[in-house]
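Visitor: can you look at this prediction? I've put the sequence above it.
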Amino acid sequence: MSEPSPESYPADFWRSLGYYNFYRLALALLFVMLGGLVGQKLSLGADNLLLFFSASVIYLVAVLSSFILLHVRKPGFAVQLALQVCGDIVFFPVLSYASGGAQSNVGLLLLISLAAAGLISRGRITLFFASLASIATLLVQAFAVLHDDVPASQFVHVGMQCMAYFAVAWMAHSLAKYAVDSQLLAQRRGRDLLSMSEANRLVMRDMQDGILVVDAQGEIVQMNPRAARLLHHTPSAGESLSATFPILFGQYAIWKNNGAMCRDTLQLDMGMQARLRFVAVERDAAHGAVIFLEDMQRAQAEAQQIKLAALGRLTANIAHEVRNPLSAISYATELLQEGAVDAQQQRLLKIVLDNTQRINQIVHDVMQLNRRDRAHAERFDLPELLATFVDEFNRAERLAPGILVLLANGAHAVDFDRGHLRQVLWNLCGNALRYGQGKPGSLVLIVGREEGAVVLDVQDDGPGIPDEHAARLFEPFFTTAAQGTGLGLYIAKELCDANGAQLRYRPRPGHRGACFRITFGELNEQGE
């Protein structure tokens with residue numbers, strides 16, 4: 001099996017090997033200096049000073065050569081580590097022999113080399129290096145016994161030294177294995193932490209409630225997009241809550257001082273309200289808190305949707321039962337009209353027929369409520385559909401050219417149910433035409449973009465909508481017209497919601513008329 005490339009070893013492996021080589025360089029310089037100056041006084045080279053000094057110089061050259069190999073990282077890491085350790089295994093016994101054998105204790109320096117080899121290599125082949133060191137030490141001792149008449153009793157000292165080699169090598173192997181396991185565990189925990197952090201970010205991003213995370217000093221740590229939209233501000237990292245949202249910070253300070261859960265309502269801009277809820281990060285607020293902002297308007301809308309869903313099912317059943325007798329009444333009234341000769345009877349029968357038609361229209365609108373959940377969205381170019389709608393509307397209402405104007409630049413693709421959009425447009429344009437002045441440019445359709453979303457404005461030049469009526473425009477059965485049902489705008493809004501869009505009334509201060517805006521959903525915020 002081929003050796004891994006230098007790039008396959010982490011940088012800390014090479015860094016550790018470099019530190020080990022600096023230790024060898026310092027040791028080599030020390031040997032050369034002491035051997036050349038005061039070697040025999042310190043028992044270094046006591047038996048053979050020339051051999052000791054020569055071996056020290058060669059050892060210094062070998063260490064300096066190792067720096068060159070480390071710089072180019074050739075050969076590979078395992079080979080360079082083996083060369084350095086084997087160099088110590090060769091030179092240290094020789095230096096020990098020149099200094100008087102085991103009594104000089106120079107051979108104990110191999111313990112540091114074996115320990116370093118075990119830690120740097122993460123426990124690989126450490127025992128093999130210990131075996132080589134033991135063999136080299138025993139061979140040098142045997143040569144000294146045979147050649148220099150050294151007492152054989154020193155083999156006991158050398159044997160204990162070899163046992164120390166294996167003991168240190170095994171300890172280094174165990175510590176390295178433990179370090180590797182700890183490193184792998186830390187890496188797994190790091191990956192788990194990153195996964196949890198990403199999951200937390202996705203959950204916070206998609207939550208309907210606004211969330212702010214503040215630390216013990218009251219600085220904003222995290223904030224999801226919903227909270228940024230509710231508060232109309234996106235703070236930078238580390239920004240103070242007191243400086244950014246002083247009213248919210250006041251509520252947070254009260255909760256922190258009381259040390260108990262609390263709920264309160266925060267008044268936001270544009271008449272919006274948010275319900276506050278504070279949760280401590282740990283058992284108390286000393287380590288920060290999580291602030292939840294629940295949009296009261298959304299909560300009220302959801303509650304209203306639940307009630308209206310139940311009401312819709314009930315009214316749909318009632319409408320179905322009412323339609324049959326209503327048809328009979330209408331048919332009988334038409335027959336009576338044919339036979340009536342008195343003008344007073346004709347007028348009364350016309351009142352009956354008009355009201356049956358109005359009731360029938362209410363029944364039809366109520367039945368239309370059940371269609372809001374059956375949206376079949378498709379992608380199309382909005383200006384192209386509006387151009388077709390303008391022609392249809394002009395022909396149906398017999399409008400003079402120029403009364404209904406379409407303003408659109410370029411292509412704007414949206415995802416919407418075509419039938420639903422036509423129904424919404426007929427309702428909005430019908431209302432605008434009813435209240436407008438009927439002059440050229442009285443009714444305008446404007447297509448554009450705002451904050452990346454496609455928007456459609458329907459404007460008229462009528463008297464506008466009083467402020468006291470604006471808040472109730474989209475309530476079912478609310479109308480100011482004598483013949484109105486009060487369901488047109490409500491159904492239009494429901495159809496927009498079913499297609500991921502928003503229908504809103506936009507006041508126009510300083511201008512005549514009303515403006516209704518359709519903001520198409522997130523699917524339409526992508527590029528064309």
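Guide: Yep, that arrived.
Visitor: going forward, measure contacts between C-alpha atoms and count neighbours the same way
Guide: Noted.
Visitor: next structured bit after the helix or strand bottoming out on mean pLDDT in the chain?
Guide: Least confident helix or strand, the chain: strand 263-267 with a mean of 67, by mean pLDDT, DSSP states H and E. Counting by DSSP states H and E, the next helix or strand C-terminal to strand 263-267 is strand 273-280.
Visitor: just checking: what are the partner strands of that following strand?
Guide: Paired strands of strand 273-280, with direction, are strand 263-267 (antiparallel), strand 289-295 (antiparallel) (DSSP bridges).
Visitor: Serialize those to a markdown table and add fields for distance to residue 256 and mean neighbour count.
Guide: Listed next are the strands paired with strand 273-280 as a markdown table, based on distance: least, Cα to Cα, whole Å; neighbours: other Cα atoms under 10 Å:
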| stretch | distance to residue 256 | mean neighbour count |
| --- | --- | --- |
| strand 263-267 | 13 | 14 |
| strand 289-295 | 9 | 21 |
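Visitor: nearest to residue 60, of these?
Guide: Ranking those by proximity to residue 60 (Cα to Cα) places strand 289-295 first, at 61.2 Å.
Visitor: nearest residue to residue 34 in space, please, no chain neighbours.
Guide: Nearest residue to residue 34 in three dimensions, chain neighbours excluded: residue 44, at 7.8 Å (Cα to Cα, 6 or more residues apart in numbering).
Visitor: that neighbour - how many residues pack around it?
Guide: Residue neighbour count, defined by other Cα atoms under 10 Å, stands at 24 for residue 44.
Visitor: ok, which stretches of the protein are strands?
Guide: 210-214, 220-223, 263-267, 273-280, 289-295, 378-381, 404-407, 413-416, 443-450, 453-460, 502-505, 515-519 (DSSP state E).
Visitor: out of those strands, which comes closest to residue 471?
Guide: For those, the distance to residue 471 is smallest for strand 502-505, at 9.1 Å, taking Cα to Cα.
Visitor: looking at whichever helix in the chain runs longest now, give me its mean pLDDT.
Guide: Of all segments of type helix in the chain, defined using DSSP state H, the longest is helix 154-206. Across helix 154-206, pLDDT averages out at 84.
Visitor: ok, stretch 459-476 next?
Guide: Averaging pLDDT along stretch 459-476 gives 81.
Visitor: export it to CSV, keeping only CA atoms.
Guide: These are the backbone C-alpha positions of stretch 459-476, laid out as CSV (Å, rounded to 0.1, in the frame of the first residue of the first chain):
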residue,chain,number,x,y,z
GLN,A,459,-56.2,52.8,-8.7
ASP,A,460,-59.2,55.0,-9.3
ASP,A,461,-60.1,58.7,-9.1
GLY,A,462,-63.2,58.3,-7.0
PRO,A,463,-64.0,59.9,-3.6
GLY,A,464,-61.8,57.4,-1.8
ILE,A,465,-62.5,55.4,1.3
PRO,A,466,-63.1,57.0,4.7
ASP,A,467,-60.7,56.2,7.4
GLU,A,468,-63.4,54.7,9.6
HIS,A,469,-64.3,52.2,6.8
ALA,A,470,-60.7,51.3,5.8
ALA,A,471,-60.2,48.9,8.7
ARG,A,472,-63.4,46.9,7.8
LEU,A,473,-63.0,46.7,4.0
PHE,A,474,-62.2,43.0,4.0
GLU,A,475,-64.8,41.9,6.5
PRO,A,476,-67.5,39.6,5.2
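Visitor: reformat the strands paired with strand 273-280 as JSON lines; add distance to residue 249.
Guide: Compiled in JSON lines, these are given as follows (distance: least, Cα to Cα, whole Å):
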{"stretch": "strand 263-267", "distance to residue 249": "11"}
{"stretch": "strand 289-295", "distance to residue 249": "10"}
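Visitor: so which of those gets nearest residue 225?
Guide: Across the strands paired with strand 273-280, residue 225 has its closest neighbour in strand 289-295 (11.7 Å, Cα to Cα).
Visitor: ok, and what's touching the closest one?
Guide: The contact list for strand 289-295, computed with Cα atoms under 8 Å, 6 or more residues apart in numbering, reads 208-216, 227, 230, 272-281.
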